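# Sequence first, then the predicted structure, then my questions.
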Amino acid sequence: MSRIGKKPVAVPANVKVAVQGRRIQVEGPKGKLSLEHHPNVKVNYTGGSVLVERVDDEKISRSVHGLTRALIFNMIKGVTDGYTVGLEIEGVGYKAELSGKTVVLSVGLANQLKLAVPEGVAVKIEGQGTRLTLSGADKQMVGHFAAEIRRTRKPEPYKGKGIRYAGEVIKRKAGKQFAGAGAK
């Protein structure tokens, strides 16, 4: 039995949950999210909690039991508190700008990179374009867009230039060693 899947998800008073067949809709102060769960689990909403139960004891049912509970928990947390991901840009001349619903990155390439901000994600740029803060109600969407931005210029291990998550530690490598006077 899944230990995570057995735990009921508490629903705060300011959140509305609706279960219609396989579709779960959660609405709160930060937004509205919906999920269509796997048919091998049942979702019951009673009063102030959501309980996920599996239909049988097959392997796929055991797999999606805890997953479905975790997704519902993330949805409820997202519409009440929201999720934020911080990114740091390091390098001479590296920066980010926001023009409308597009993030424009200058990260040492011949052209600037333009990434469209997905619906439901808010971008805030600070520190002369070197710090980005992404926020939104959908954990998957915020994390995916942060990974997409980081993928444009991953931090390299020699000088540490590139885009990294806030607080991410990059293992630094030593450069090539100079042979000295002994080599001819």
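Alright, I've got the coordinates.
# what's in contact with stretch 11-29?
32-37, 39, 43-45, 48-50, 72, 75-76, 79-80, 137 (CB atoms under 8 Å, 6 or more residues apart in numbering). For the C-beta atoms, the positions are set from N, CA and C on the backbone; glycine is no exception.
# pretty sure residue 125 contacts residue 134?
No. Between residue 125 and residue 134 there is no contact under CB atoms under 8 Å: 10.3 Å.
# thinking again about what came up before, which of the contacts of stretch 11-29 count as buried?
Among those, those buried by neighbour count (16 or more other CB atoms under 10 Å) are 33, 37, 43, 45, 50, 72, 75-76, 79-80, 137.
# Among those residues, which lie within helices?
Secondary structure from DSSP state H places 72, 75-76, 79-80 of the buried ones among the contacts of stretch 11-29 in helices.
# any chance of those residues in JSON lines, plus distance to residue 86 and pLDDT?
Formatted as JSON lines, those follow (distance: CB to CB, whole Å; pLDDT from 0 to 100):
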{"residue": "72", "distance to residue 86": "26", "pLDDT": "95"}
{"residue": "75", "distance to residue 86": "22", "pLDDT": "95"}
{"residue": "76", "distance to residue 86": "23", "pLDDT": "95"}
{"residue": "79", "distance to residue 86": "21", "pLDDT": "95"}
{"residue": "80", "distance to residue 86": "20", "pLDDT": "95"}
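# Just send these back as JSON lines, with distance to residue 162 too.
Shown next, in JSON lines, are these (distance: CB to CB, whole Å):
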{"residue": "72", "distance to residue 162": "36"}
{"residue": "75", "distance to residue 162": "32"}
{"residue": "76", "distance to residue 162": "35"}
{"residue": "79", "distance to residue 162": "33"}
{"residue": "80", "distance to residue 162": "34"}
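# Which two of the residues you listed have the greatest separation?
The largest separation in these, counting by CB to CB, is between 72 and 80 at 12.9 Å.
# any idea how far residue 60 is from residue 10?
Counting by CB to CB, to the nearest Å, the separation of residue 60 from residue 10 is 27 Å.
# how about low-confidence regions in this protein?
Along the chain, the parts satisfying pLDDT under 70 run over 1-2, 179-184.
# how does it divide into domains?
With domains defined by automatic domain parsing, the chain comprises 3-80, 83-165.
# Could you dump the ones you listed into TSV and include distance to residue 174?
As requested, those are exported to TSV (distance: least, CB to CB, whole Å):
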stretch	distance to residue 174
domain 3-80	41
domain 83-165	8
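# ranges for the helices of the protein?
Under DSSP H, the chain gives helices at 3-6, 59-80, 139-152.
# Mind checking these for the one nearest to residue 97?
If we rank these by CB to CB, the stretch that ends up nearest is helix 139-152, at 12.7 Å.
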